[in-house]
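In: Fold the following and give me the result.
(one chain, ligands or ions: 1)
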Amino acid sequence: MSKIRVYELARITGLSTKDLMEKLKELGVEVKTHMSTIDKEIAKIIEETLTEEKKEEKREHQEVTQPIEEREEKKAVVLKPRPPVVTVMGHVDHGKTTLLDTIRKTNVAEREAGGITQKIGASVVERGGKKIVFIDTPGHEAFTKMRARGAQVTDIAVLVVAADDGVKPQTIEAVNHARAAGVPIIVAINKIDKPNANVEKTKRELAEIGLIPEEWGGDTICVEVSAKKGTGVDELLDMIIFLAEYMELKAEVDVPAEGYILESRLDKGKGPIADVIVKKGVLKRGDIILTKSAYGRVRAMFDDKGRQVNEAGPSMPVEVIGLNSLAEAGDKFRVIESEKEAKEIVEAYFEEIREKKLATKPKKLTLEELLKQVKSEETRELRLVVKTNSQGELDALIPILERLSTEEIKVKCIHGGIGNINENDVMLASASEAIIIGFNVKVDPTAKQEAEREGVQIRLYQIIYDVEEDIKAAMIGMLKPKYEEVILGRAEVRAVFKVKGGKVAGCYVLDGNIVRNAQARVKRKDAVLFEGKISSLKRFKDDVKEVAKGFECGIGIEGFSDFEVGDIIEAFEVREVRRTTL
Ligand code: GDP
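Out: Numbers count the residues shown, from 1 in each chain. This next block holds a predicted model:
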């Protein structure tokens, strides 16, 4: 007898998998997970029962709700299910772009087929009448960049792992980024069409990094696909829908629209264009939209198929025309009532920036800056992001650097990777106040710009000895300075005079100089009686700054007046001495 999986039946019946599983339980059908199978005949009976129930519910619902809605003027918060927003991540060349292309090409709704897909930052695909929104830029770089700006747009991450290559450094990175954001992961084991594909081995490697496939008793959904051939792609979409339903993604609709800017660009004819994704509420044509740095009335909106639309609900991406200037990617937008108010808010923001620019210098994460930080008794940790040309170099370099740690300063490599220094490394360094060390690698142009903007220091080397020496020098710079006392001069008390408010000592300078405002100690027969500041220094009646050896002077010391003839006054100063060894 042929069988059907629970999630497939859910799609047919239009129920969420969760609801369906509850219903099945009620009907006495035992299922464990969404992957469990049911006999097709039983499924058919269930489907019919559910359709009947639904019809009745609808009738009842209409009868009950109609009069109430009419009576009630104020509505409660209305939460409506919204489509999931998905980002595709994974190691380079594992097939992220191909997968996105295949999904976009094959799963547009029929009436839309043939419509040209516009690049508006995200694409909407449909499966069984349900929508999924895919962020167009794959990879965790874009994902983290948005997140760094405070925009958490993604609900689900699809991790693409090529079955002929397995888990690679960027796979792990992607997992860490998704986990850091608390975004659940669905794994797409890709390239299963390749003769050297090894799904089992890939799963083992996934399990090693904590992604234990469901069929092995874990809770990671793994779908085997070939992005190139289209195999398994529908199942992947089903899994996304299943997970989204399980997550019960909902958004308020009866509120002024809010969302995020995905991208923005300038069009010669249309002016500034912003690609946005709505988070809650419904964005409508004619709404006044406000971001941190731009505002305007929505003159026109286009969906990802290039069609003009009048409304965009939660999770929907649209291209918006009508802003007065370019909005920044990752910025939040909201709809407000008055255009005048929007203008004022944006103007106030720019004013604030101007003031801030005047008041602050850009933050710099140079070694010198770290030195200052250390002086202020903060962390004594030299954090490094290390990039090398090969795994061998990385494995060699990291321990060498970390072994430079002393009791006073810890050298910590917070991230090690292979390949050129990219934007992602810069962002990580910026967020962790680290310095980037590149060994036999180059810096991507965008990373260079980002580093300049963020004030992150990048140091490039070709010889291990140079790295070591430089890091040692940096660590010496981070050492707490030593303090040394320097004797400036000594004077002998020859007479004691009473003055207003105390006594001064009439002295003869034995050696060096006595300096006003310097520290001084009063010694009597080698015992120190007092230490304090020289508050007054006179030659005859005149205030002076300094008196040299062989001259007489009057010395007053703050907080002390018990001078006796024969006391020695020693002037000294504490100097900071830079340390030159670790
Ligand atoms: P990305 O760097 O992760 O975006 O990877 P791409 O999508 O650019 O794919 C890298 C290479 O792998 C390209 O040559 C693709 O044609 C190929 N590729 C992607 N998916 C598959 C697949 O399922 N099977 C095979 N055989 N090749 C694939």
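In: Now do the buried residues in stretch 398-409.
Out: I398, L401, L404, I409 (16 or more other CB atoms under 10 Å). Placement of C-beta: from N, CA and C, glycine included.
In: least confident pick among the residues you listed?
Out: Scanning these for pLDDT, the smallest score is found at I409, 83.
In: List the residues that contact that one.
Out: R380, E381, L382, M475, M478, L479 (CB atoms under 8 Å, 6 or more residues apart in numbering).
In: From A571, how far off is it?
Out: 35 Å (CB to CB, to the nearest Å).
In: Check I185 too.
Out: 70 Å.
In: Who has more neighbours out of those two?
Out: A571 (26 against 20; other CB atoms under 10 Å).
In: got the contact list for the more buried one?
Out: By CB under 8 Å, 6+ apart, the residues touching A571 are 487-491, 512-515, 518-520, 534.
In: Could you do I471 as well?
Out: If you count contacts by CB under 8 Å, 6+ apart, I471 has them with L382, L384, L401, L404, V411, I437.
In: try 7 Å this time
Out: Contacts for I471 were tallied using CB atoms under 7 Å, 6 or more residues apart in numbering; they are L401, L404, V411.
In: which residue ranges form the helices in this structure?
Out: Secondary structure of the chain (DSSP state H): helices at 6-13, 17-26, 40-71, 96-106, 140-148, 169-181, 199-208, 233-247, 339-359, 367-375, 391-402, 423-432, 445-454, 464-478.
In: right, so of those, which gets closest to G501?
Out: helix 367-375 (37.7 Å; CB to CB).
In: any idea how far the residue of the stretch 301-450 of the chain found nearest the ligand lies from A10?
Out: With CB to the nearest ligand atom, the shortest gap between the stretch 301-450 of the chain and the ligand falls at G419, namely 13.1 Å. G419 sits 42 Å away from A10, taking CB to CB as the criterion.
In: Touching stretch 256-276 from outside, list them.
Out: 120-122, 151, 153, 277-283, 287, 291, 294, 317-321, 323, 325-336.
In: no, scratch that, I was asking about stretch 334-344
Out: P256, A257, E258, G281, L283, D287, I288, I289, L290, Y295, R297.
In: same thing with stretch 178-190?
Out: Residues contacting stretch 178-190 (CB under 7 Å, 6+ apart): 89, 94-95, 99, 147, 152, 154-163, 175, 199, 202, 206, 211, 220-227, 236, 239-240, 243.
In: filter the residues you listed to the buried ones?
Out: The neighbour count (16+ other CB under 10 Å) marks 89, 94-95, 99, 147, 154-163, 175, 199, 202, 206, 211, 220-227, 236, 239-240, 243 as buried among the contacts of stretch 178-190.
In: G296: what's it in contact with?
Out: Contacts of G296 by CB under 7 Å, 6+ apart are I289, G322, L323, N324.
In: Neighbour count added to the residues you listed, as CSV?
Out: Listed next are these as CSV, based on neighbours: other CB atoms under 10 Å:
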residue, neighbour count
I289, 25
G322, 21
L323, 25
N324, 16
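In: quick revisit: from the contacts of stretch 256-276, pick out the ones that also neighbour the ligand.
Out: Of the residues in these, proximity to the ligand by CB under 6 Å from any ligand atom holds for none.
In: Most neighbours of all the contacts of stretch 334-344, which one?
Out: Neighbour-wise, these (other CB under 10 Å) top out at L283, 29 neighbours.
In: Return the distance of that one relative to V133.
Out: 14 Å.
In: Next up, the contacts around T580.
Out: Taking CB under 7 Å, 6+ apart, we find T580 in contact with I476.
In: where does it land on pLDDT?
Out: Looking at T580, its pLDDT stands at 73.
In: How about I418?
Out: For I418, pLDDT reads 86.
In: Kindly state the beta-bridge partners for it.
Out: T388 (DSSP bridges).
In: burial of it, as a residue count?
Out: So I418, with other CB under 10 Å, has 17 neighbours.
In: Could you verify my assumption that it touches S390?
Out: Yes: between I418 and S390 there is a contact at 6.4 Å, judged by CB atoms under 7 Å.
In: Contact partners for the residue nearest to Q462 when sequence neighbours are not counted?
Out: In this structure, Q462 finds its nearest non-sequential neighbour in N440, 5.9 Å apart by CB to CB, 6 or more residues apart in numbering. Contact partners of N440, counting by CB under 7 Å, 6+ apart, are T388, N389, E393, Q462.
In: any idea how far the nearest residue to H94 once chain neighbours are set aside is from N176?
Out: Counting by CB to CB, 6+ apart, the nearest residue to H94 once its immediate chain neighbours are dropped is A162, at 4.1 Å. When CB to CB is the yardstick, A162 and N176 sit 19 Å from each other.
In: try E22
Out: With the distance defined as CB to CB, E22 ends up 35 Å from N176.
In: Would you map out the domains in this protein?
Out: 3-64, 79-251, 253-355, 376-478, 482-577 (the TED database).
In: Show me how far the first one is from its chain's centre.
Out: Just to be clear, that refers to domain 3-64. In terms of CA atoms, centre = their mean, to the nearest Å, the centre of domain 3-64 is found 41 Å from the chain centre.
In: Straight-line length of stretch 564-582, end to end?
Out: Stretch 564-582 has an end-to-end distance of 46 Å (criterion: CA to CA, to the nearest Å).
In: start to end distance for stretch 32-46?
Out: Stretch 32-46 stretches 17 Å from its first residue to its last (CA to CA).
In: thinking again about what came up before, from the buried ones among the contacts of stretch 178-190, pick out the ones that also neighbour the ligand.
Out: Among these, the ligand is touched by H94, G95, S226, A227 when using CB under 6 Å from any ligand atom.
In: Tabulate those in TSV, adding columns for distance to I103 and pLDDT.
Out: Converted to TSV, these look like this (distance: CB to CB, whole Å; pLDDT from 0 to 100):
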residue	distance to I103	pLDDT
H94	15	96
G95	12	94
S226	13	96
A227	8	95
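In: Could you find which two of the residues you listed are furthest from each other?
Out: Farthest pair in these, by CB to CB: H94 and S226, 12.3 Å.
In: thought M475 was touching E469?
Out: No: the pair M475 / E469 is not scored as a contact, 10.7 Å apart, by CB under 7 Å.
In: neighbour count winner among those two?
Out: Neighbours were counted for M475 and for E469 using other CB under 10 Å; M475 has more, 22 against 12.
In: how near is the residue nearest to H94 to F143?
Out: As defined by CB to CB, A162 lies at a distance of 19 Å from F143.
In: how about the residues of the protein near the ligand?
Out: 90, 92-98, 138, 190-191, 193-194, 226-228.
In: Give me the lowest-pLDDT entry from those residues.
Out: Lowest pLDDT among the residues of the chain next to the ligand: P138, with 86.
In: residues in contact with that one?
Out: Per CB under 7 Å, 6+ apart, neighbours of P138: V88, M89, K96, T97, L100.
In: okay but the last one is in contact with V88, surely?
Out: So the one you mean is L100. Yes: using CB under 7 Å, L100 is in contact with V88, at 5.6 Å.
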